[in-house]
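S.K.: Sharing a model that was predicted from the sequence below.
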Amino acid sequence: MRTTTFIAALFIAYLTQAQNPYHPKVLSMRERAEVIDTWLKERVETVLPEIMRRAEIDMWIVIAREYNEDPIIKTLLPATWQSARRTTMLIAYDPGDGKPLETFGMSRYNTGDLFKTIWNKEEQPDQWKALAEMIKEKNPKKIGINKSVNFALADGLASTHYDQLMEVLPKNLQSRVVNAEDVAIGWLEARTDSEMVVYQNIVRLAHQIIAEGFSEKVIQPGISSTNDVVWWYRDRIRELGFTAWFHPTVSIQRKDPESNEHKRSFSERPAQEIIQPGDLLHVDFGITYLRLNTDTQQHAYVLKPYEEDVPSFLKEAFKKGNRVQDILTSNFKTGRSGNEILKATLDQCKGENLKGVIYTHPIGFHGHGAGPTIGLWDQQDGVLGKGDYPLYANTAYSIELNTGVYLEEWEKEIRIMLEEDAYFDGEQVRYIDGRQMEIMTVPRKLHPNSRN
């Protein structure tokens, strides 16, 4: 019995290795910190000046208090900082004439080499007055703060801090305080060449974890539940040293006429179901690594006994989902708003008799990132505010959508729900690590005629 068990274990290990023999390198925590700090220096020296000048703001102030952080501040702090400490103030100032930015902190603790603190508490015990004195000395034309009606990520300045800032500024400087929405969003959404080289491996890791979970290594039809797979994903993410920025979901569509999953809203999902042969599985999954996020939705089909491939009608349905992806990405044009891209895409889908629903979002430092929102699943007529923001080059997106397809074989409509991370270089969209073009199988497809 032990010998049989041992051989079975070896076979499973071999099968897993054969399915995925190469894994992208995963860095140690020390190596990760070195990469993050290198990227941060590059971004502050190259991305930030361009964004501030584009927005015509010559001073940007980010203020956060421990346990009440501005969502942007972690993207400006060194890798060894997990959060703000006490009241943390970071300042970027553009002296003009093409000179490099001046970046510094006004905090009790030194916030790294890029934002080295200039506050001397012994000379000026009041941190806020020290900030005001620095602003008077620099005399900026516009003082940008993180306040925004439309973007939560650009709205991180607490009301208390706003009041304190305005209280210490003289009248002539109070009138120069402006919302820095365009600086905040521009900083978050811009992706550098250095980041994009590594982003492919990050997305590849996410793809490989998804494939591993949607395999016979994890799923035993008739026994395994969707919840079993969800928690396997959570454990696997942690085992590999990553974090999940949202709890994964695994759902089922099947022929059963009593199963009305295609009519559910995204806020209504069953707690768990037992996975059976003939099920079409769907996963929504994302990881965080090196401060960058992934967001992916893919499908797998559970083979029935003696089936060797996905049924042709499901393959055809899947192609329609890929076609809607193509239509959407073909409408990415620099300067277009998210709402304009949405309308053009839906009009083209309608012309091709495709039932597409678009809910694409930026991705990067945050999973639901900064930049133009291109539809929400329950707002297909456009998204006020966030949908009006324009598309810029060198930005990344989760191409997220679904396509309704009626299956005669199942006598019902299903949804092909796809999401893949992509990069827009100003001219075209490319998928960061490709996209799913074929439905995976559980178990993996064997060699033709191998069961005969």
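M.R.: Yep, it's here.

S.K.: Spatially nearest residue to N150 (excluding sequence neighbours)?
M.R.: G385 (3.3 Å; CB to CB, 6 or more residues apart in numbering). For every residue, glycine as well, the C-beta is placed using N, CA and C.

S.K.: Let's see the pLDDT reported for that neighbour.
M.R.: On pLDDT, G385 comes in at 95.

S.K.: for L15, same thing?
M.R.: pLDDT recorded at L15 is 38.

S.K.: same check, this time on V168
M.R.: V168 is assigned a pLDDT of 97 by the prediction.

S.K.: So it sits against Q124, correct?
M.R.: No: with contacts defined as CB atoms under 8 Å, V168 does not count as touching Q124, sitting 11.4 Å away.

S.K.: Spell out which residues make up each domain of this protein.
M.R.: Here the domain parsing of the chain from automatic domain parsing is 29-188, 222-442.

S.K.: roughly how far apart are L153 and K445?
M.R.: The gap separating L153 from K445 is 42 Å, by CB to CB, to the nearest Å.

S.K.: still on that earlier bit, dump the domains of the chain to JSON lines, plus distance to Q208 and mean neighbour count.
M.R.: Supplementary listing: the domains of the chain in JSON lines, determined by distance: least, CB to CB, whole Å; neighbours: other CB atoms under 10 Å:
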{"stretch": "domain 29-188", "distance to Q208": "19", "mean neighbour count": "17"}
{"stretch": "domain 222-442", "distance to Q208": "10", "mean neighbour count": "18"}
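
S.K.: Reformat those as TSV; add distance to H23.
M.R.: Formatted as TSV, those follow (distance: least, CB to CB, whole Å):
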stretch	distance to H23
domain 29-188	16
domain 222-442	9
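
S.K.: of all the ones you listed, which lies closest to I202?
M.R.: domain 222-442 (5.1 Å; CB to CB).

S.K.: Tell me how far that closest one lies from the chain's centre.
M.R.: Counting by CA atoms, centre = their mean, to the nearest Å, domain 222-442 is centred 13 Å from the centre of its parent chain.

S.K.: Show me what the helix or strand hosting R238 is packed against.
M.R.: Following DSSP states H and E, one finds R238 within helix 226-239. Secondary-structure packing of helix 226-239 (3 or more CB pairs under 8 Å, 6 or more residues apart in numbering; DSSP states H and E): helix 193-213, strand 249-253, strand 280-285.

S.K.: mind running it again at 6 Å?
M.R.: Packing contacts for helix 226-239, counted by 3 or more CB pairs under 6 Å, 6 or more residues apart in numbering; DSSP states H and E, involve helix 193-213, strand 249-253.

S.K.: then that helix to CSV, C-alphas only?
M.R.: Extracted in CSV, the C-alpha atoms of helix 226-239 (Å, rounded to 0.1, in the frame of the first residue of the first chain):
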residue,chain,number,x,y,z
THR,A,226,-15.5,25.8,-5.3
ASN,A,227,-14.7,27.0,-1.8
ASP,A,228,-12.0,24.3,-1.5
VAL,A,229,-10.3,25.7,-4.6
VAL,A,230,-10.7,29.3,-3.4
TRP,A,231,-8.9,28.5,-0.1
TRP,A,232,-6.2,26.5,-2.0
TYR,A,233,-5.5,29.7,-3.9
ARG,A,234,-5.2,31.7,-0.8
ASP,A,235,-2.8,29.2,0.8
ARG,A,236,-0.8,28.9,-2.4
ILE,A,237,-0.4,32.6,-2.7
ARG,A,238,0.9,32.9,0.9
GLU,A,239,3.1,29.8,0.4
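
S.K.: tell me the angle it makes with helix 193-213.
M.R.: 140 degrees (axes from the mean of the first three to the mean of the last three CA atoms, to 10 degrees).

S.K.: Go ahead and name everything in contact with helix 226-239.
M.R.: Residues from elsewhere that reach helix 226-239 (CB atoms under 6 Å, 6 or more residues apart in numbering): 209, 213, 218, 244, 248, 250, 272-273, 287.

S.K.: Show me the contact partners of stretch 339-356.
M.R.: With contacts defined as CB under 6 Å, 6+ apart, stretch 339-356 is touched by 320, 324, 327-328, 331, 358, 374-375, 382, 387, 403-404.

S.K.: Is it correct that K142 is in contact with I57?
M.R.: Yes: K142 lies in contact with I57 (CB atoms under 6 Å); the separation is 4.7 Å.

S.K.: any idea how far A154 is from K147?
M.R.: A154 sits 8 Å away from K147, taking CB to CB as the criterion.

S.K.: can you check S28 too?
M.R.: 39 Å.

S.K.: do the same with Y423
M.R.: Distance of Y423 to K147, computed by CB to CB: 30 Å.

S.K.: quick one, what contacts Y199?
M.R.: With CB under 6 Å, 6+ apart, Y199 has these contacts: 292, 432.

S.K.: The residue positioned nearest the centre of the chain: what's it in contact with?
M.R.: Centroid-nearest residue in the chain, with CA atoms, centre = their mean: G367, separated by 2.8 Å. Going by CB under 6 Å, 6+ apart, G367 touches 245, 286, 293, 295.

S.K.: Where does the prediction get shaky in the protein?
M.R.: For the chain, the stretches with pLDDT under 70 are 1-22, 257-271, 446-452.

S.K.: hmm, try it at 50
M.R.: 1-19, 449-452 (pLDDT under 50).

S.K.: need the helices for it, in chain order.
M.R.: 2-19, 29-42, 48-55, 127-138, 159-168, 171-174, 181-189, 193-213, 226-239, 312-330, 338-351 (DSSP state H).
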